[in-house]
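**Q** sequence unavailable; structure follows:
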């Protein structure tokens, strides 16, 4: 059986990982078996993951602090905590979007990728509850500086996605424009 930590990181997450500050803390929301925790831990980041599946947490705990919590039916376990990066892939619970965005520290990064409207035409998930509507992820990130955003169709495997790489501006005024390498 192939565990998700045996899978490579999302190409989107790998593509924008350079935006993280050296040693930044990372929160992986709905971390599964920890493939993104592993990716960041291997790059010198302290990783924290949260998932509601005990078997996922057992696997993810090898790569950092893994917390068993149901963030849909329970409280947000990271209230008041800030992370240098927050990573979310293949997960959507709209009620938690404000908490997820709020967990990004000043100068921190949000890397988010999940299914979008249109996916019902090619497979699962197909329920509108689990599919972002056009521009929805952009709207959720209104307080962040968007470095990259995509909303469209990917062919292999076939799926509709929205994904964003966004940075919370650092506190204080920069003397020169901040440079986020593309």
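**A** Structure received. Since the model is a prediction, treat every value here as computed from it, not as a measurement.
**Q** okay, now residue 130: neighbour count?
**A** 18 (other Cβ atoms under 10 Å). Yep, even glycine has a C-beta here, placed from its N, CA and C like the rest.
**Q** please tell me how far the nearest residue to it once chain neighbours are set aside sits from residue 170.
**A** Taking Cβ to Cβ, 6 or more residues apart in numbering, and ignoring the residues beside it in sequence, residue 130 has residue 92 as its nearest neighbour in space, at 5.4 Å. Distance check for residue 92 against residue 170: by Cβ to Cβ, to the nearest Å, it reads 28 Å.
**Q** look at these two and report which has more neighbours.
**A** For residue 92 versus residue 170, neighbours defined as other Cβ under 10 Å are more numerous around residue 92 (20 against 13).
**Q** residue contacts, that one?
**A** Taking Cβ atoms under 8 Å, 6 or more residues apart in numbering as the criterion, residue 92 is in contact with 114, 115, 129, 130, 131, 132.
**Q** doesn't the residue nearest to residue 130 fall inside a helix?
**A** No. According to DSSP: H, G, I helix; E, B strand; the rest coil, residue 92 belongs to no helix; its state is coil.
**Q** phi first, then psi, for residue 178.
**A** Taking degrees, to the nearest 10, you get phi -70, psi 140 for the backbone angles of residue 178.
**Q** how about residue 63?
**A** Main-chain dihedrals, residue 63, degrees, to the nearest 10: phi -110, psi 0.
**Q** just to revisit the earlier point, top of the contacts of residue 92 by neighbour count?
**A** residue 132 (25 neighbours).
**Q** any idea how far residue 159 is from that one?
**A** Per Cβ to Cβ, residue 132 is found 12 Å from residue 159.
**Q** any shared contact partners between these two?
**A** Residues touching both residue 132 and residue 159 comprise residue 115, with contact defined as Cβ under 8 Å, 6+ apart.
**Q** quick one: residue 25 and residue 86 touch, right?
**A** No. Contact between residue 25 and residue 86 fails when scored by Cβ atoms under 8 Å: they sit 9.7 Å apart.
**Q** so these two - more neighbours on which side?
**A** Regarding residue 25 and residue 86, a neighbour count based on other Cβ under 10 Å identifies residue 86 as having more, with 27 against 21.
**Q** just checking: what are the partner strands of the helix or strand hosting that one?
**A** Here residue 86, judged by DSSP states H and E, is contained in strand 83-89. Strands adjacent to strand 83-89 in the sheet, as given by DSSP bridges, are strand 26-29 (parallel), strand 104-115 (parallel).
**Q** out of the ones you listed, the one nearest residue 11 is which?
**A** Across the strands paired with strand 83-89, residue 11 has its closest neighbour in strand 104-115 (9.1 Å, Cβ to Cβ).
**Q** fine, thanks again, bye for now.
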